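Chemist: Generate coordinates for the sequence data below:
(chains A and B)
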Amino acid sequence: MPSWATLMSQAFNGLALGTLLALVSSGLTIILGTLGVLNFAHGALFTVGAYAIFVIFQYTSSFLLALLIGSLFMLALGLLLERIIVRLFYDRPHEDQILVTYGVGIVLVEALRTGFGSHAQRVRLPSWGTGVSELGFMMYPTYRLQLIGMVAALLVTLYLVLYRTSLGLIVRAGIDNPGMVGILGIDVRRTFMIVFAVGCVAVGLAGMLYAPVVAVSPDMGASFMAQSFVVIVLGGLGSFPGAVIGGLIAGEIIAITSAFNSAYSEVMLYGVMALILVLRPQGLFGSEGRV
Amino acid sequence: MEFDRRRLVLGSLAGVSGTALSGLPAFAQGSQPAKLGTFPEGVGADSVFVGLTIPLTGVFAADGQDLKLGYELAIAQINAGGEIPAKWGLKGGGVLGKQIRYRVADTEGKPNVAVQAATQFFQRDKAIMISGSVSSAEAIALEELASREKVLYLVGVAGSNDVTGKNCQRYGFRTQQNAYSGAKALAPVIAKALGKNMKMAFLVPDYTYGHTVYDSFAQFSKAEGWRQVAKEVVPLGTSDYSSALLNIANSGADVFVNIAFGADAVASTKQAEQFGVLKKMKLAVPNLSGFQDKELGAEIMQGVYGTCDFWWSLGSTNSLAKTFVDTFVAQNKYQPRWGAHIGYMQTYLWALTVERAGGFHPVDVIKAYEASKAQPYETTLGKVYFRAEDHQMVRPVPVLVGKKPSDMKSPEDYYDLVALVDGESVSSPPEQFGCKLGPYT
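Modeler: Model (predicted):
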């Protein structure tokens, strides 16, 4: 049995991982909820984000500026992908959408491999993020604390966009009843394009923020992709609050299980997912029959 | 065709006389089945096919890519013939006059994918030999399969003691030192540099490689008076090491022994720095990953002790190594890491052994490998041979220490070669890890 101190610090780690999973999954879930497309390129977009900050941070001394430029890049990439590929698949079966987005993911990852090679790249910590902070009950890397704060701020921003703007109103209406939104004369295509791009920015930002913590390599997105699918199943497909709560739950499951035996952390995650599917098939925040 | 036949006869005569000279009994040619594995279908009129099973994606992709370039360089040189293969002792262009054809399959570093790829090489391409791995788990799966199919398998990157220990196979051969040799070579050197009676904390990836490297390093560092205060076991491909690192940071250790490999080594070391572990502790890496130097940078790697299969500065003392390094750099524009060296060396040694055996019959080739103690190979590492008992190569072990950034004379001058430890003195006894080679046929 691990000590209380270990469990406390693991709960904290779970929070860091959980907020990040929440950000990754919210990108996935708003695209799924609005467009009805399960975006299998999501893991690759996470990786693209990490490489974006790797490149941009070399040219600017400011991490925040690099984040901003990186976000604009992800926005442009998202608009482009929606316009030239994803849009053509809205009326096609789900299998086709999965295949094409999966293919886009492979192309992105292999393009990165061709351009940068397979080795891990180093993204240094921002100057204000180095060192370790004393929290009283434990020492914790300063950047990870800031990471929790930055991701939380991004999630709040996303919440405000979705719940306090007219775009958000259309998106949420689109999730509930896309047909009706079209009938009301709202330009659904433009909204779809923006939603897809916003989803890309969300996951790209997660990749950018996480890049200084991990080894940035072409295959880094794969595990996040799988975990974020679990998160949206837990939280309810297409639900933004579901993605946030699901992300936090998943992060805690992984972290707390790791304190006992890290080999079982993923097993436990899938176990909980299976349990939720049995007890509440629509997920914690999902409504029945949606998506 | 007559030319080929004559060469074959001449070659086999040379092989037989070679072993006869060494005092071993000549091969029992008559008792072998004429057909075995992919032999003789796999031997074409003017070429043979070789299947390379290499992780080009996943955690081990960087080392895999390096390994691939090593194979490709050796194959191109052997096929072209001329001065370089002649220096290794090969007779002319190709192997016994046959060009090597090859194909690379991506194993993703996963044993099941590797086995699938190898099966295709056997069935579709009639591969006469397969080679490659960047994970001991993968290597063990492949040597088992190859032994069942009676096709030669040459291990790529794989450090676990089990590969030539309890999982050893008649059809598998390894050039890389096992974890035992690496640890035995490293422990006295690192204890001399850092001091006796150190406390150490281990980070251990949870698969055969991690466990055997841990066992061996723990064993030999204890002999130097070192004491273990923490051991954290983590799954392969973990992206977040925080729980393990928190425990290590609080363990009060003097040395952080990081056994994670490939991209895992980079992620875990980077996070260790962020958790303040590297400020409190010296880092030791019993078996350095190929690109760990470049991926982590000299700032972190300075003063880090470790071993590996090969480091490019060996070119300054060995002419075959120099040729390897120079031709590799000319072609690929970077200094080869030890993955490339394994691919290069395995290919050359295979060609040499086939020529010694005088043909591609797997039993003849295996017996020629097994007879190499009496007739050692002259290589990039000096004189080496494979043990008949477990197919582990007995070879010198380079011990390296990371240079300070200010001491580096070129961008890839990351390490000082502290010692090239004699292979015999650090080899495990052949029976130590429970090797029982299977039958020839």
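
Chemist: model confidence over stretch A:127-135, on average?
Modeler: Stretch A:127-135 carries an average pLDDT of 86.

Chemist: Oops, could you answer that again for stretch B:341-361 instead?
Modeler: Mean predicted lDDT for stretch B:341-361 stands at 97.

Chemist: Run a quick neighbour tally on A:Ala50.
Modeler: The number of residues packed near A:Ala50 is 28, by other CB atoms under 10 Å in any protein chain shown. (Glycine included, C-beta is placed from N, CA and C.)

Chemist: Where does it fall, secondary structure wise?
Modeler: If you go by DSSP states H and E, A:Ala50 is part of helix A:42-59.

Chemist: From what I see, B:Val229 and B:Ala253 are in contact.
Modeler: Yes - between B:Val229 and B:Ala253 a contact is recorded at 5.0 Å, counting by CB atoms under 8 Å.

Chemist: Could you tell me which residues touch both of the two?
Modeler: B:199-201 (CB atoms under 8 Å, 6 or more residues apart in numbering or on different chains).

Chemist: Top of these by number of neighbours, please.
Modeler: B:Ala201 (27 neighbours).

Chemist: Would you agree B:Ser313 is in contact with B:Leu417?
Modeler: Yes - using CB under 8 Å, B:Ser313 is in contact with B:Leu417, at 5.5 Å.

Chemist: thinking again about what came up before, more neighbours, B:Val229 and B:Ala253?
Modeler: Neighbours per residue, other CB under 10 Å: of B:Val229 and B:Ala253, the larger number sits with B:Ala253, 23 against 17.

Chemist: so what's the residue nearest to the more buried one when sequence neighbours are not counted up against?
Modeler: Leaving out its chain neighbours, the residue that sits closest to B:Ala253 by CB to CB, 6 or more residues apart in numbering or on different chains is B:Ala201, at 3.7 Å. By CB under 8 Å, 6+ apart, the residues touching B:Ala201 are B:228-232, B:247-248, B:251, B:253, B:255-257, B:281.

Chemist: can you list the residues of chain A near chain B?
Modeler: Counting by CB under 8 Å from any CB of the partner chain, the residues of chain A close to chain B are A:6, A:9-10, A:13, A:16-17, A:109, A:113, A:117-122, A:125, A:131-132, A:138-139, A:141, A:143-144, A:213-215, A:217-220, A:223-224, A:254-255, A:258-259, A:262-263, A:265-266.

Chemist: Tell me the confidence at the closest residue in space to B:Arg337 that isn't next to it in sequence?
Modeler: Take B:Arg337 and drop its neighbours on the chain: the residue closest to it by CB to CB, 6+ apart is B:Gly290, 3.5 Å away. Per-residue pLDDT puts B:Gly290 at 93.

Chemist: Is there a neighbour count for B:Gly290? I'd like the number.
Modeler: As a burial measure, B:Gly290 scores 30 neighbours (other CB under 10 Å).

Chemist: one step back: what about the residue nearest to B:Ala253, is that helix, strand or coil?
Modeler: Classification of B:Ala201 using DSSP: H, G, I helix; E, B strand; the rest coil returns strand.

Chemist: Which strand residues bridge it?
Modeler: Under DSSP bridges, the beta-bridge partners of B:Ala201 are B:Ala230, B:Phe256.

Chemist: got it, and B:Arg101?
Modeler: Residues in beta-bridge contact with B:Arg101 (DSSP bridges): B:Phe49.

Chemist: and chain B, which of its residues are near chain A?
Modeler: Counting by CB under 8 Å from any CB, the positions of chain B adjacent to chain A are B:56-59, B:61-62, B:64-65, B:206, B:233-235, B:237-240, B:242-244, B:246-247, B:249, B:263-264, B:266-267, B:270-271, B:274-276, B:291, B:294-297.

Chemist: Filter the residues you listed down to the ones in helices?
Modeler: Secondary structure from DSSP state H places B:61-62, B:64-65, B:242-244, B:246-247, B:249, B:263-264, B:266-267, B:270-271, B:274, B:294-296 of the residues of chain B next to chain A in helices.

Chemist: Measure how the helix or strand hosting A:Ile249 sits relative to helix B:242-249, angle-wise.
Modeler: Of the helices and strands defined by DSSP H and E, A:Ile249 is found in helix A:240-261. Here the directions of helix A:240-261 and helix B:242-249 differ by 40 degrees (axes from the mean of the first three to the mean of the last three CA atoms, to 10 degrees).
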